[in-house]
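Novice: Just the structure for this:
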Amino acid sequence: MYRRAAVHGVGGVSDVCEPQRVVRAERLSCSRIRPPRGNEVPDAPSSCPPPGTDRRESQPLRQILWSRYARRMSTGPVGIAKLATAPAPVLRGDGACLNGTLQALGAGPKPMSGAALDKIRQDALALLGRVVQTYEAEVAPGEVGADGSVCASPQPPTKPCTGLLYGRIQSGKTVAMIALVAAAIDNGFRVVVVLTSDNVTLVDQTTKRFAALEGPIPLDALNPSAWSSDHKHIGKHLAQAGVVFVCSKNKTRLDALITFLEKIGAPEFPALILDDEADQATLDANLARNVRKQTKGEVPGDPTAIYTAVVDGLRKTLRHHVFLQVTATPYALLLQSVGTELRPSFTRLLEPGDGYTGGEYFFESHHVDGPEPPLVFVDPNESVELAQGSSDAPDGLRRAIAYFLVAAGAQALTDPATARSGQNFLCHTSQLRQQHRNLEELIRTYVDRVSDDIDAGSGDGLNKLHTAFDELKRTFPSVPSVDSVITEIRRRLVTRKVIVVNSEADAEPGRGLNLIIGGNILGRGVTIDNLIVTYYLRQPKVGQMDTMLQHARMYGYRSPLMHLTRVFLPPQLAVRFHEIHRIEQRLRRQLAAADLGKPIVIERTGSLRPTRNAVLDPTYIDAFDAEDQVYPIHPDLTLKRSEYEAIAGRIEALIGDSLSTEPQLVPIEFDVMLELVETFPYNRKELSSSWVPAAIGRVLERQRDRCKGRAYLYTRRMNRRRSMLTTGAVSGKELERLRNQDGPVFAAFRDDGKQIADRPANEFWYPTVVFDRQMPSVIVNVTSDDA
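Specialist: Numbers count the residues shown, from 1 in each chain. Here you go, the predicted model:
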């Protein structure tokens, strides 16, 4: 009943790559991928040459491949973004593995429509095109694609080859991975590793879903004994069929997998590693601690075990591979230092298909302001009552249960097929197991009381059912009569189950009414089918945006369910979800045109951090808040007279007047402000995170729409006494004036340098940016090639 995210429709995939290397990009579709003609595709070798053989000498095939690529380039093939440094790869779009896999998906327990399967094919090939393009440019040419040699040369790539598939919560990432793997097998990849959360149930569910693959040998990390006993068979057929491993992020299982990969000769073949929920366990959770130790001159400790097993073990063993991170919450990945193993160099945006209901169906402004359905507000103090061990269900919880019973009864009368599969209520208030046990008793007691009140024909439970019926009519005007609904509730209450799902208990929902209580385990990767009501009170003292967004189990392909759906929560949590939803929208828009070789700006909301600090390098992370004054510590004191005067002329042209002894504040175009940030002089030999033009420019660019293009230039004289400026140039009422503008302010200060006491100085200019009071807080990794 709760499982890996199900998919009822899949949307498009858009590309985010490194623009300095891309010549042009065209949307990929099946009709535009030319299948290789018979006289163009060499027979795939039955096995790769023995380790140590120089494939460049032993295989004239590579020269043939390059000549064919050159011919295709001259005729301008379509379907893949072209790199200036490499020919566009040609893909096999109608291979047996992809065709068979899509057929299996279309015939499963929840068969997909032909239109959905066509979209899945297109998305898989679009994503594979980017993967193959990256492999050709950064790993080795001629090994994958329609004409690939299916062999990995001995030379390792010169830099990490990491990408990001950025989907949305429960939007179809798993089926996208399945189709991608099928297309990859058809195009020369022979070793695929799918990394999953370290949860036996989830590993088993993921393995069963990947069983839809037609052709490759499937292997399950939960049954390693089957590997070792059958290694000869697997090694024999590896070159022909390929192998797909599903492995949990568990050190013991990863170590066993790496040993087995070496045993069957897997490093000799092109590989694809998919890291599902990549931001969860793979990152080094000791990074921040060890960096701080190094800063203090102490000996740092080891990275975390999973990081070491994946980065130093698996990735080095499969030397020719593309590592694709898959998640709906990529904040921790995008904030990794540029150029490191787990910082993506390209991104694909997976768009959901028809019927997807995400934050725009739950947490837009009108939902929160109303509140409008599906939101229903409860008293914020209910979380305190439950934490203190309340002996009775608080009012909001009782209303949520009553609504669930009414909506379930109405669904059973109008859509009995769906209702028979189980009707679900999710209670998510805390990660504490003791609170789960208390909630179990409160919910069981109150449901029994409602049952008694129905039998008695009176009481608070029955009254709440009538109130809930009125709530349901807001979105279901044609609901059956209240009497028939209550009669159906009485019948269905016989099979009700109160279920706790945490590290101590993992009960299975039934086919009747299921009231599910849980914490973290009901977050990532779990879909609760036919989820009608969510009661959500989770309020940690220091929260994280990625964790909270993963709690949105109400998202998914639930369009047919929305007339019944409700989310009961306090107003402030609705506001948080609203802000996270808007931040997610803006991040996806940012990534649609981002250069991932430069800093990525991650907004944050209130007291919520984007992600856990432990996995980030604190020396390269900077936060920008409303009202901040940002400036370099070290000005450029070596400006020539001509350089100083050229800047003076530029500032005078912008203010429309000659420079005055009095402060001057004028509006300027937003692009002018960005240009000033990028070009204004400062001492680039003394870098610090206090002034990184690339990062500041990214932060400012994110404010353009909010400020409707408004920006300001402020200028005046300055007389500093030291060459290192550890305090800002503005303060007091002057700073308040700049903060109160309706857009950011670039301050250009000029100093004659005569009062600098600790070193000789010419006249110099000094930049400062002051953010306005309305700017949202953001966090950014300041590492950049042009920092």
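Novice: per-domain residue ranges of this structure.
Specialist: With domains defined by automatic domain parsing, the chain comprises 2-352, 372-581, 618-781.
Novice: Kindly present those as TSV, with separate columns for distance to residue 362 and mean pLDDT.
Specialist: Every C-beta, even on glycine, is put in place using the N, C-alpha and C of the backbone. Formatted as TSV, these follow (distance: least, Cβ to Cβ, whole Å; pLDDT from 0 to 100):
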stretch	distance to residue 362	mean pLDDT
domain 2-352	11	78
domain 372-581	6	91
domain 618-781	21	91
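Novice: Could you give me the buried positions within stretch 447-464?
Specialist: By neighbour count on 16 or more other Cβ atoms under 10 Å, the buried set for stretch 447-464 is 447, 449, 450, 451, 453, 454, 461, 462, 464.
Novice: for these, which one is nearest residue 549?
Specialist: residue 447 (30.3 Å; Cβ to Cβ).
Novice: any idea which helix or strand carries the closest one?
Specialist: With elements delineated by DSSP states H and E, residue 447 resides in helix 433-456, which encompasses its position.
Novice: Using JSON lines, lay out the domains of the chain together with distance to residue 593.
Specialist: Written out in JSON lines, the entries for these read as follows (distance: least, Cβ to Cβ, whole Å):
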{"stretch": "domain 2-352", "distance to residue 593": "8"}
{"stretch": "domain 372-581", "distance to residue 593": "21"}
{"stretch": "domain 618-781", "distance to residue 593": "10"}
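Novice: Pull the number of nearby residues for the closest residue to residue 380 other than its chain neighbours.
Specialist: When the adjacent residues along the chain are set aside, residue 380 lies closest to residue 570, with 4.0 Å between them (Cβ to Cβ, 6 or more residues apart in numbering). Using other Cβ atoms under 10 Å, the number of residues around residue 570 comes to 19.
Novice: go on, the one 5 residues further on?
Specialist: One way to gauge burial is a neighbour count; for residue 575, by other Cβ under 10 Å, it gives 15.
Novice: How about residue 257?
Specialist: Residue 257 has 25 neighbours, counted by other Cβ under 10 Å.
Novice: Tell me the secondary structure at it.
Specialist: Counting by DSSP: H, G, I helix; E, B strand; the rest coil, the backbone at residue 257 sits in helix.
Novice: likewise residue 397?
Specialist: For residue 397, the secondary structure call by three-state DSSP comes out as helix.
Novice: mind listing the helices in the stretch 451-600 of the chain by residue range?
Specialist: Along the stretch 451-600 of the chain, counting by DSSP state H, counting those that start in this stretch, helices occupy 460-473, 482-492, 545-550, 571-591.
Novice: Which among these is found nearest to residue 144?
Specialist: For those, distance to residue 144 was read as Cβ to Cβ. The smallest value, 25.3 Å, belongs to helix 571-591.
Novice: coming back round to it: residue 611 is nearest to which of the domains of the chain?
Specialist: Evaluated over the domains of the chain, closeness to residue 611 peaks at domain 2-352, with 4.0 Å, by Cβ to Cβ.
Novice: before we move on, back to that, got the angle between the helix holding residue 447 and helix 460-473?
Specialist: Here helix 433-456 runs at 90 degrees with respect to helix 460-473, directions being taken by axes from the mean of the first three to the mean of the last three Cα atoms, to 10 degrees.
Novice: elements contacting helix 433-456?
Specialist: Using 3 or more Cβ pairs under 8 Å, 6 or more residues apart in numbering; DSSP states H and E as the contact criterion, the neighbours of helix 433-456 among helices and strands are helix 382-387, helix 395-414, helix 460-473, helix 482-492, strand 497-501, strand 513-518.
Novice: now it: how far from the chain's centre is it?
Specialist: 37 Å (Cα atoms, centre = their mean, to the nearest Å).
Novice: contact partners of it?
Specialist: 386-387, 389-390, 392-393, 397-398, 401-402, 405, 427, 429-430, 459-462, 464-465, 486, 489-490, 493, 496, 498, 500, 502-504, 515, 517-519 (Cβ atoms under 8 Å, 6 or more residues apart in numbering).
Novice: before we move on, back to that, so which of the domains of the chain is nearest residue 599?
Specialist: Residue 599 lies closest, by Cβ to Cβ, to one member of the domains of the chain: domain 618-781, at 4.5 Å.
Novice: mind listing the strands for the stretch 101-250 of the chain?
Specialist: Remark: strands of the stretch 101-250 of the chain, listed N- to C-terminal, are 162-166, 191-196, 217-220, 243-248; assignment by DSSP state E, counting those that start in this stretch.
Novice: Mind exporting the C-alpha coordinates of the first one to PDB?
Specialist: The reference is to strand 162-166. This file holds the C-alpha atoms of strand 162-166, laid out as PDB (Å, rounded to 0.1, in the frame of the first residue of the first chain):
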ATOM      1  CA  THR A 162      28.100  13.700 -12.500                       C
ATOM      2  CA  GLY A 163      24.600  14.800 -13.500                       C
ATOM      3  CA  LEU A 164      21.300  15.500 -11.800                       C
ATOM      4  CA  LEU A 165      17.800  14.400 -12.700                       C
ATOM      5  CA  TYR A 166      15.700  16.900 -10.800                       C
END
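Novice: Show me what that strand is packed against.
Specialist: Using 3+ Cβ pairs under 8 Å, 6+ apart, the elements in contact with strand 162-166 are helix 114-138, helix 173-186, strand 321-327, strand 346-352.
Novice: How about residues contacting that strand?
Specialist: So strand 162-166 is in contact with 127, 130-131, 134, 173, 176-177, 278, 322-328, 330, 333-334, 341-350, 588, 591, going by Cβ under 8 Å, 6+ apart.
Novice: repeat that with 6 Å
Specialist: Contact with strand 162-166 is made by 323, 324, 325, 326, 330, 344, 345, 346, 347, 348, 349, 350, as judged by Cβ atoms under 6 Å, 6 or more residues apart in numbering.
Novice: Would you agree the fourth one is in contact with residue 175?
Specialist: No. Using Cβ atoms under 6 Å, residue 326 is not in contact with residue 175, being 11.7 Å away.
Novice: Dump the helices of the stretch 451-600 of the chain into JSON lines; add distance to residue 306 as well.
Specialist: Formatted as JSON lines, those follow (distance: least, Cβ to Cβ, whole Å):
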{"stretch": "helix 460-473", "distance to residue 306": "45"}
{"stretch": "helix 482-492", "distance to residue 306": "44"}
{"stretch": "helix 545-550", "distance to residue 306": "17"}
{"stretch": "helix 571-591", "distance to residue 306": "26"}
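Novice: if we compare the ones you listed, which one ends up closest to residue 116?
Specialist: helix 571-591 (21.7 Å).
Novice: Show me what counts as buried in that closest one.
Specialist: When neighbours are counted by 16+ other Cβ under 10 Å, the buried residues of helix 571-591 are found to be 573-574, 576-584, 586-588, 590-591.
Novice: cool, and stretch 159-177?
Specialist: When burial is assessed from 16+ other Cβ under 10 Å, stretch 159-177 yields the following buried residues: 160-177.
Novice: cool, and stretch 732-749?
Specialist: Within stretch 732-749, the residues that qualify as buried are 735, 738, 739, 741, 743, 744, 745, 746, 747, 748, 749, counting by 16+ other Cβ under 10 Å.
Novice: and if you look at stretch 321-339?
Specialist: With burial defined by 16+ other Cβ under 10 Å, the residues of stretch 321-339 counted as buried are 321-338.
Novice: What lies in contact with it?
Specialist: The list of residues contacting stretch 321-339 from outside it, by Cβ under 6 Å, 6+ apart, reads 131, 134-135, 161-169, 173, 271-279, 283, 342-343, 546, 549, 600, 602, 610-611, 615-617, 620, 781, 783.
Novice: Now list the buried members of those residues.
Specialist: Buried by 16+ other Cβ under 10 Å: 131, 134-135, 161-169, 173, 271-279, 283, 342-343, 546, 549, 600, 602, 610-611, 615-617, 620, 781, 783, out of the contacts of stretch 321-339.
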